[in-house]
Structure formats: C-alpha cells, structure tokens
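Student: Give me a 3D structure for the following:
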Amino acid sequence: TIEASPEGGLIKPGYYSLDNSKAPLLNPVEYEATTQTNSWYATASFDFNKIFYLDGTIRNDTSSTLKSGNNNYTYASIAGSLILSELLKTQKSVVNFWKVRGNYAEVGGTANPYQLNYTYYTAGYFNTGNGNVNIYRPQTILNNPDLKPQRSKEFEFGTEVHFLRDRIVFDGAYYDSKTVNQLITPDISASSGSLGAAINAGQINNKGIELHLGISPIKSKDFSWDIDANWARNRSKVVELADGLQVYQLVGLVGGASIVASVGNQWGDIYGSDYVYLNGQKVVDPDTGLYETASNKVIGNVQAKWTGGLRNSFRYKDFSLSFLIDVRHGGDVFSSDMYYGLASGLFPETAVDGYRTSIPVLSGVNPNGQVNTTPVNTSVIDPNEYGNNPNDGYAIVPDKRFVYDGSFVKLREASITYSLPKSLIANTFMNEAKISIVGRNLWIIHKNLPYADPESAQMGGLYSYGSSVGSVPTTRELGVNFTFKF
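Tutor: Numbering: from 1, shown residues only. The predicted model follows:
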C-alpha cells in the first residue's frame, strides 16, 4: 500500500487532490509485505473390511515470518470410525446404520510479517536551514525476535445413528480444543516508545456440543416431508495469558467500554461502567438525582448461549419447497449506535414532547434503600456531552445501558424448485434439469437489538463480535438458479 496526504491544508477548499496541498508533500508511506511458507504434506487412509476406517495426515511448514529455529513446525491429525451396524449386523433392524467416530488434530500458525525486528517509516523531513533532513519513525508494535508458532490441539468424538431405514437420523458430537502460544499484541505503556508488544501468550480452551436430528414424517412416491434440526453450544474460557497479564483487550469500544479476554473467565467479556445496585435496585445519588456508577465491571459477554436451526423441505411430484429458520440465543451486543443516538436525538423515542425539557425522577432507590424522589440536577451534566438531555444518553447513564441481548430468530433461506420431468429430457444430453427461486436473509422474525441486525457488524475480525456501530440494513438476496446434470 502507498499512503500520502496534503500538508498544511488545501489551497482550494473542497478539491481533494495531492496537487492541491498548501505545503510541500511529505514522502508517501509505503508498505509491502511478501511472505512465504514452504510445506510438505502426507495422508493415508485404511479400510478394514468396511467396518473400521482409519485416516491420518501430517504436515510440516517452514515460515518466513519466524526466525530460524522457530519457523519449522509439524502438526498431524488422526481420525477413526467404527461402523457398528456392520459389526453387529443390525442393517435390517430398527437401527439400520450406526457409526461411532473420533479424531485428534493439531494445527500450527505463524506470525504476521515484520514482527521480529524493527522497521521504520518516513515521517517527513526537518529543515535545518542548510537543507532538509529526513525523519523516520519506528512502528508502534514492539517487536519480538523470539516469537514461536501458535498451536491448536483438538479432539472430537461422536456418533451417527439411522433408524427405520433412514426415516430418523441422529448425529451428535462433543469437541474439546486448546490453543496455546497465541500470537497477540497487548497494549503497553506509551512511555516505552511503543503502543503494543508482539508476544506468545496464553491458553484458551473451547468445549462444545453439536447435535443434528433428521426426520422424514412422510415419504411416498409423489410427496415427501423432511425435517432437519441443528443445535450447538460452545464455551470458550481463557485459562492463562502472559506473565503479569490478567486482562487482554480484544476490541476498544466507545465510552471506555471494551471486549476482553480475562484469565479465568469466558472469552469475550464486555467491560465497562455499570449501575450500582442495592437489593437488585439501581442506586440514585440523592444529591444529583443521577445514577451512581461503578467502573470496570463485566457488563456482558459476546458468546451465544446456543445456536440452532430448523429446515423443512417439502416435495410434491416435480415441485419442492424448502425454508430454514435460524436461531441464536444469547450473546450480548454493545450498541455504539444507541450510545450516541439516544443522547443526540437520532431515534424516534427521543422525538416526544418534553424529552429535553422535562426534568425526570430516575427510577431506583437511594443508598438508604428509600425510593428515589430527587429530580435530575441538570447543572451537573456536562453541556458538551448532550447535557440538555436529562432523560437518557451516555451523559447520565453507564455503559451497561447500551448492552443488548443479541438473540435473534431469522428466516435465513427459502427456495422453490421445479425439476423438469424425465420425459422432457430423455433424448437430450442432460440427465437432470432444475430451476429454483432462492431467497436469503428474508425476514428477521425476532430480535432484541433496536434499529440494527445483530449480525450487521461493519468491521470484520474481532469487531464482528458483540459490537454494533454504524450499522446499515443487511441485504436481502433473491436469485434464480439453473441446475443441469450431464
């Protein structure tokens, strides 16, 4: 990438061009990274009398972004499955198929480029009176020449059972993974000359269950109805970080809130200011009429309690209809949109008579346990922080006010398909032909986050978890698919 900007403002306002710079341009900031990973890979599969299957893989990587001695790492996997229905000869019984399976796998990962040694960027020049001297600045991340590859280890076991000639299918799995030597860049004191440090740190454990149930209540020559249900739950816990590091900020939010990984807790806790409570009631300061707050509290967590889906598929002769309902239960979202919107009057609930002129009495109790009767003292609200709004907004409430339940129920997908009769394509080069009308993200049936789709994060990566900022309507997709098989 190459970045450059005008210096000293623009000669002609509104004309955004480097040629329109008032002062001489600084040298552009150029960034180019070329990485290389050399690998070898091997795999083997064994079949023992159609009863037991064994698969194994091994891979070795040599990465250019780690120093010699640390840049070569090997990881492997092994998976086995036992077909009990073959072993026990149950194919013609109620249980016509039964398989148990298990696997163990390791995965390695390397660092980003330019994290081993210092690199410098041009930062302009200094006029000494006898000419210009170039100025350079180091990158803001403290480098670490001893970085190691991170590694994940996971085992999984499960079973798959078919009943009544596949009219009922059950599949269940349990997994447990551990990630160690994670490559992270925690914040450090700016007095060190850097803002963060590249380190290997910590251990995060993930455990979860995945279940699937398929049922075919009706299956005949002309009509069939199939139901597929999925349910999953994952728990991610931070076991340890680096020595002396108990909390690692993953994402910084507005108002001083943040999404963190903290030792001993679930990954993705939301830290921020919270109300002070007395017997479950919010405490109001009797002198100001405002809520008392406590800083640096856990006010939510971005992980869903569980996710699920339900698909119904119907077929009548050459026509078929299918739709998928998608569900997420739990998983908190901090809404920066509501944080600013309620204070600035962006949303409809602020457009009511007296919203900025009436003086409310906030619900809650005083520290002595008595019901609050003190009106809000507007003189103590900073006028630069929308102090003319005594009813709501970040000037008078803590970050907890803007944490919402990210649960939703969606009509994720629906389709109608017509299959051309075999008689029409019998003498052609086609074996099958279909036309489908498909829709995706068609309807948010239920949600708790106001004015935004809980999945509409504008930024990727870690910002896609638990943060709603600058949200725009999500896209509803409609399309036509043509399928031909030869």
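Student: Please count neighbours and contacts with C-alpha atoms only from this point.
Tutor: Noted.
Student: Could you measure from the residue located most distally from the centre of the chain over to G214?
Tutor: Distance from the C-alpha centroid of the chain peaks at N130, with 54.4 Å (CA atoms, centre = their mean). Per CA to CA, to the nearest Å, N130 is found 81 Å from G214.
Student: D285 now?
Tutor: Using CA to CA, we find D285 at a distance of 57 Å from G214.
Student: can you give me the strands for the stretch 351-486 of the chain?
Tutor: Remark: strands assigned in the stretch 351-486 of the chain by DSSP state E, counting those that start in this stretch are 403-405, 408-419, 432-447, 467-468, 477-485.
Student: Worst mean pLDDT among these?
Tutor: Mean pLDDT per stretch puts strand 467-468 lowest among these, at a mean of 89.
Student: and F155, bridged to which residues?
Tutor: Taking DSSP bridges as the rule, F155 bridges to Y104, D176.
Student: Now do it against A105, distance only.
Tutor: Counting by CA to CA, the separation of F155 from A105 is 6 Å.
Student: R165 too?
Tutor: From R165 to A105 the distance is 33 Å (CA to CA).
Student: Mind checking which of these two has more residues around it?
Tutor: Applying other CA atoms under 10 Å to R165 and A105 shows that A105 carries more neighbours, namely 18 against 14.
Student: OK, contacts around that one?
Tutor: Residues in contact with A105 (CA atoms under 8 Å, 6 or more residues apart in numbering) are Y75, A76, S77, I78, K153, E154, F155.
Student: Check T110 too.
Tutor: Counting by CA under 8 Å, 6+ apart, T110 touches S63, T65, L66, N71, K148, P149, Q150.
Student: So the third one: helix, strand or coil?
Tutor: Assigned state for L66: coil (three-state reduction, DSSP: H, G, I helix; E, B strand; the rest coil).
Student: rewinding a little: figure out the helix or strand that the residue farthest from the centre of the chain lives in.
Tutor: N130 belongs to no helix or strand when assigned by DSSP states H and E.
Student: What separation do you get for the nearest residue to I141 once chain neighbours are set aside and L87?
Tutor: Spatial nearest neighbour of I141, excluding adjacent residues (CA to CA, 6 or more residues apart in numbering): G196 at 4.8 Å. According to CA to CA, G196 and L87 sit 58 Å apart.
Student: wait, Y174 sits on E210?
Tutor: Yes. Y174 is within contact range of E210, at 6.6 Å (criterion: CA atoms under 8 Å).
Student: from the chain's centre, how far out does the longest strand seen in the chain sit?
Tutor: Longest strand in the chain by number of residues (criterion: DSSP state E): strand 199-219. Strand 199-219 has its C-alpha centroid displaced from the chain centroid by 16 Å (CA atoms, centre = their mean, to the nearest Å).
Student: Let me know the helix or strand that the nearest residue to W306 once chain neighbours are set aside is in.
Tutor: Spatial nearest neighbour of W306, chain neighbours left out: R233 (4.6 Å); criterion: CA to CA, 6+ apart. Secondary structure assignment for R233, by DSSP H and E: strand 223-240.
Student: so where's the stretch 51-200 of the chain uncertain?
Tutor: Residue ranges of the stretch 51-200 of the chain with pLDDT under 70: 124.
Student: Surely the residue nearest to W306 is in contact with D176?
Tutor: No. With contacts counted by CA under 8 Å, R233 stays clear of D176, the gap being 12.0 Å.
Student: List the backbone torsions phi and psi for Y340.
Tutor: Y340 adopts backbone torsions of phi -90, psi -40, taken as degrees, to the nearest 10.
Student: thinking again about what came up before, the residue farthest from the centre of the chain and I215, how far apart?
Tutor: Counting by CA to CA, the gap from N130 to I215 is 84 Å.
Student: now do L66
Tutor: L66 is 51 Å from I215, where distance means CA to CA.
Student: ok, now R412?
Tutor: 20 Å.
Student: Ok, F314 next?
Tutor: Separation of F314 from I215 (CA to CA) stands at 12 Å.
Student: overlap in contacts of those two?
Tutor: D226.
Student: Walking through the chain, point out its helices one by one.
Tutor: 84-87, 336-344, 422-425 (DSSP state H).
Student: quick one: contacts of the last one?
Tutor: Applying CA under 8 Å, 6+ apart, the set of residues contacting helix 422-425 from outside is N431, E432.
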